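Student: I would like to see how this sequence folds:
(3 chains)
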Amino acid sequence: MTDHPPIPKPEPASDISEEILLDTLADHDSIEREFTVEQRTQWKTIARRFSRHKPAMVSLVVFTLLVLFAFVGPFLWKFKYDQVLKKPAGASNDWIRPSWTHPFGVQKGYDVLALVMRGTQYSIRIALVVVVLSVTFGVIVGAVAGYFRGGVDNALMRFTDLMLVIPYLAAVAALQRNVKGSTWLYLSFFLAMFAWMGIARVIRGEFLSLREKEFVEAARSVGASAPRIIFRHILPNTIGPIIVNATLAVGAAVLGEAALSFLGLGVKPPDTSLGKIIEVGKGKATTYPNEFWWPVLVLCLISLTINFIGDGLRDAFDPKQNRVRA
Amino acid sequence: MFSFIVRRILVSIPLLFLASFIAFILVVNTGDPLEDLRTKQNVPKGQIALQEHRLGLDKPFFERYFSWLGHAIHGDWGRTVKDKAVWDQISRSLGVTLKLVVFAEICSVLIGVTIGIISAVKQYSWFDHGATTGSFLLYSLPVLAVGSFLKFFLAIRLNRLLGREKNPLLKTIGESTANFCNVRKPQNCGFIPATTDFLTHAALPTLTLVLITFAGYARFARATMLETLNADYVRTARAKGLDEKRVILKHAFRNALIPVVTVVSIDFGGLIGGAILTETIFEWKGMGRVLVDAVTKVDPNLLLCWFAVTAIAVVLFNLVADILYAVLDPRIRL
Amino acid sequence: MNDEVAPILSVKDLTVEFPTDDGVVRAVRGISFDVRPRDVLGVVGESGCGKSVSSMAIMGLLPKSARITGSIKFRDRELIGLKPKEMRAVRGRQIAMVFQDPMTAMNPVYRVGWQLGEAIKAHNKHFDKKQIRSRSIELLNMVGIPQASTRVDNYPHEFSGGMRQRVMIAMAIANNPDVLIADEPTTALDVTVQAQILEMLIDLKDQLDAAIVLITHDLGVVAGITDRMQVMYAGKVVESGTAEDVFYTPRMPYSIGLLGSIPVHTQDPGAGARLKPIGGAPPSLINVPPGCPFSPRCPLSDGTLCETVDPPLLRVGPGHLAACHHSDKLAAMEDPLRLFSAVAE
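Tutor: Below is the predicted model:
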């Protein structure tokens, strides 16, 4: 029986060209090249899924505007945060209330809009430092624990448990008390010290399951070293959870810092932050509400947008996407 | 079961000792408790030395730690910088905090889990969409904002609406009215007026805590229920011809209960040191106030006791979580 | 064979569709079959061909989002559109089901006796505790669980896979159902216990006077025990007939491909000595292309008719139906079973 048309070849599984596949066999470098080809298309699908998540997209825009407000705004706004304002001649006592000149009003002789811009900037700056430090440390701890398992895992996880026993706001407050002068960098460092445990646990879980996968077996069988397997083979596959958790950690860090500063245990002058401005404004929340509610609103916006972005990213990275519609 | 509990307790004890050591390091680095005294003019040197000795500041680090630990194990938590018994202060504020958080947590769990179950069972219904969006928003809002909104915005307007501006129904400061019951007002000293007074004070802070906590439980319960509702054994239960109520409660919910109970009991442990912001906004003299005072005034023994109480609560409720898990899931070998 | 007896379960033009984010998945695209009392019907096909979805449709267990059309009649009573309460009375009483994975199909937190008792109580409200317990033990004995009277108080995780599947079968037969649907009942099990479970199913069928619908992807499972069988592909029945018809005179290339994928011991060293996989993959059920769904993988595809017109299920012999434009070519072939090996060589 030969008089039939040839059987059509099955569709290639991905869009890796045959050329690259051949290269792969030839030398090692092209493995990385093949890897990046797959990666690029993967990133595209993630970006497409993320862009379908409307609240996340809106949040991304709002958050970007907030960042611009905090970092570019001060250069454009006519008043500076440290510019002492005098009551204009002939003005009533109401001059400190919001007006076209001072949209957020005036607090103790300073323009509140300028203060809020600077406070937002500090809040975001602190949060970024916290996230970079805590995520790096958490990922390393989680990766080492999950990859090596056994005694190493046990020791690291008991240490993680230990750090979770101590309420972190209190711990940071205690450390921060003794710091004098410009303190925001210390504060970020202390916050990071007590914020890495969650991500360490997540990454450990990922590593525990990924280390059993065939591609890791394969890498091990050709004699790849442990650091190489951890960083080049397993870690790229945990990028989804890392990005999602890092995003959510930004929100948590902003709120944690705000809480401490609100209690009077966070940043100290000359530094500022949203929490600090709220603390200063809380005594007059009913009489001069603008000094209090504007920073609270910005704080809410940061927290909401970050959570929505995190939610969108989680959906985008989650392969279980084909949800059945109602 | 008994040996399981004993084993878990034995694991918890070294954890607590290590935690106490870390807390001690933190406290030592908080600052100098006698700063005020030292910077004051005309304080005799001898008095400073006397205070140093009383607080144990003149001892080397490890000696100081073990001396504190030895006393603490026997229930002697030492005295504050102002020479008052630490435990009196801590136990009083612990009572205040518990009054607030226990009721709030119970409400949050009941409301959150109920909403989560309904959401999951009626997935993609208007209720689900509403509850999911609502709990997402509340979950994302800072405590600071929710508490401030209730205190500075809602309370004032509600009291005005009720025509109670002079004697507001919803109180926003403290856990009870100062001098509420004294010789001149003996009618206030009964159980009913005292309870009423407490409730008018507790309403808003409790609501704050419930609003920010229940949302998390609703999300978690929904996710867990969705998982168990799609489990094979739920399909089996339906295939038996059981009615939907039984399938949901006896099969899906009974299994969803395992992670939910675990998370709730772990959360319970964090409550004591976890309502600091709410307490501060509504000016309750609870554990939050003690922490702020102990840190700003650098009171080592007070702060150490604070850390000890919160750490014990965390470890204890982690233990409770483990035990409940074992009780609820027969696959766990005791 | 008992063609003259009225069918107990009759499925006509059943379609099932699921709306998803990527489009409508047409999981079942118009299938019809009859099950007669004491019949064993084998339903064969690879995963995703719609065999499980159709059985879930019969049980009324599909999610609410599923769109079901056609007719499912049990003893002349239409099941599609029944009120949930009426459907519950049918489920587990008249039609019962055994699922694929006994590891996950039992609730881990209840004792097996409790789970069995629940199945009994659901349709026998008047039973008291004692009656339920003795019936549970009786059922466990029927499915061959040793020391049933003590095992009844064990949790599922205390049973082995094969034993758990026995318990699942006990649960399914608790109310003497008329039709027992077994969805891949042996797939998740160790090879050594597969045969025991199948043998037991057939024994129970005779004891209980029930009909069995045996769903599997493994032709070897249905070979010895079914009266009738139907082969499904991409949501459709592509061939149906007696087991002999399909095994010895297949009239649809896909059935031949399936036959080539099972290891057989044969006298002729040339045939079936090597496993012959079918090249390619089944089509996506979201945008099913026109024409025969098997044509992209079919050695007989003519490239024109096959790719434009979906072949209807036509009679090719007494009680033997096939959906292929070229079933006559297969009939003319000397050894149709070598269709795929001829290509490979």
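Student: extract the CA atoms of the helix or strand that contains A:G275 and return them as CSV.
Tutor: Per DSSP states H and E, A:G275 falls inside helix A:274-281. The C-alpha coordinates for helix A:274-281 follow below in CSV (Å, rounded to 0.1, in the frame of the first residue of the first chain):
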residue,chain,number,x,y,z
LEU,A,274,3.9,59.5,53.6
GLY,A,275,3.6,58.0,57.1
LYS,A,276,5.5,60.8,58.6
ILE,A,277,3.3,63.5,57.0
ILE,A,278,0.2,61.6,58.1
GLU,A,279,1.6,61.5,61.6
VAL,A,280,2.2,65.2,61.6
GLY,A,281,-1.2,65.9,60.1
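Student: contacting residues around whichever strand or helix holds A:A173?
Tutor: Assigned by DSSP H and E, A:A173 belongs to helix A:168-176. If you take CB atoms under 8 Å, 6 or more residues apart in numbering or on different chains as the criterion, helix A:168-176 is touched by A:183, A:186-187, A:190-191, A:193-195, A:256, A:259-260, A:263, A:265-266, B:23, B:26-27, B:29-30, B:273, B:276, B:291-292, B:295, B:303, B:306-307, B:310. All C-beta atoms are positioned from the backbone trio N, CA, C, and that covers glycine.
Student: would you pull up the residue in chain B closest to chain C?
Tutor: Here the residue of chain B nearest chain C is B:G241; by CB to the nearest CB that distance is 3.5 Å.
Student: count the neighbours of the closest residue to that residue other than its chain neighbours for me.
Tutor: Closest residue to B:G241 apart from its sequence neighbours, by CB to CB, 6 or more residues apart in numbering or on different chains: C:G92 at 3.5 Å. When neighbours are defined as other CB atoms under 10 Å in any protein chain shown, C:G92 has 27 of them.
Student: C:G92 contacts B:A239, correct?
Tutor: Yes - counting by CB atoms under 8 Å, C:G92 does reach B:A239; the two are 6.0 Å apart.
Student: are there residues contacting both of those two? Which ones?
Tutor: Contact criterion CB under 8 Å, 6+ apart; residues shared by C:G92 and B:A239: C:A172.
Student: tell me the centre residue of the chain?
Tutor: By default, I'm working from chain A. Nearest to the geometric centre of chain A sits A:T247, at 2.8 Å (CA atoms, centre = their mean).
Student: that's the wrong chain, I wanted chain C
Tutor: Nearest to the mean C-alpha position of chain C, by CA atoms, centre = their mean, lies C:I215 at 1.7 Å.
Student: can I take it that it is in a strand?
Tutor: Yes - checked against DSSP: H, G, I helix; E, B strand; the rest coil, C:I215 lies within a strand.
Student: would you point out which residue of the stretch 101-250 of chain C is nearest chain A?
Tutor: Counting by CB to the nearest CB, the stretch 101-250 of chain C gets nearest chain A through C:P250, at 14.5 Å.
Student: number of residues surrounding that residue?
Tutor: Neighbours of C:P250 under the rule other CB under 10 Å: 27.
Student: so how far is C:D335 from it?
Tutor: Taking CB to CB, to the nearest Å as the measure, C:P250 falls 11 Å from C:D335.
Student: what parts of the stretch 101-250 of chain B come near chain C?
Tutor: The stretch 101-250 of chain B comes close to chain C at residues B:231-233, B:235-244, B:246, B:250, as judged by CB under 8 Å from any CB of the partner chain.
Student: just the ones in strands from these, please.
Tutor: The members of these all map outside strands under DSSP state E.
Student: secondary structure element holding the nearest residue to A:V130 once chain neighbours are set aside?
Tutor: In this structure, A:V130 finds its nearest non-sequential neighbour in A:A253, 4.0 Å apart by CB to CB, 6+ apart. Taking DSSP H and E as the definition, A:A253 sits inside helix A:239-262.
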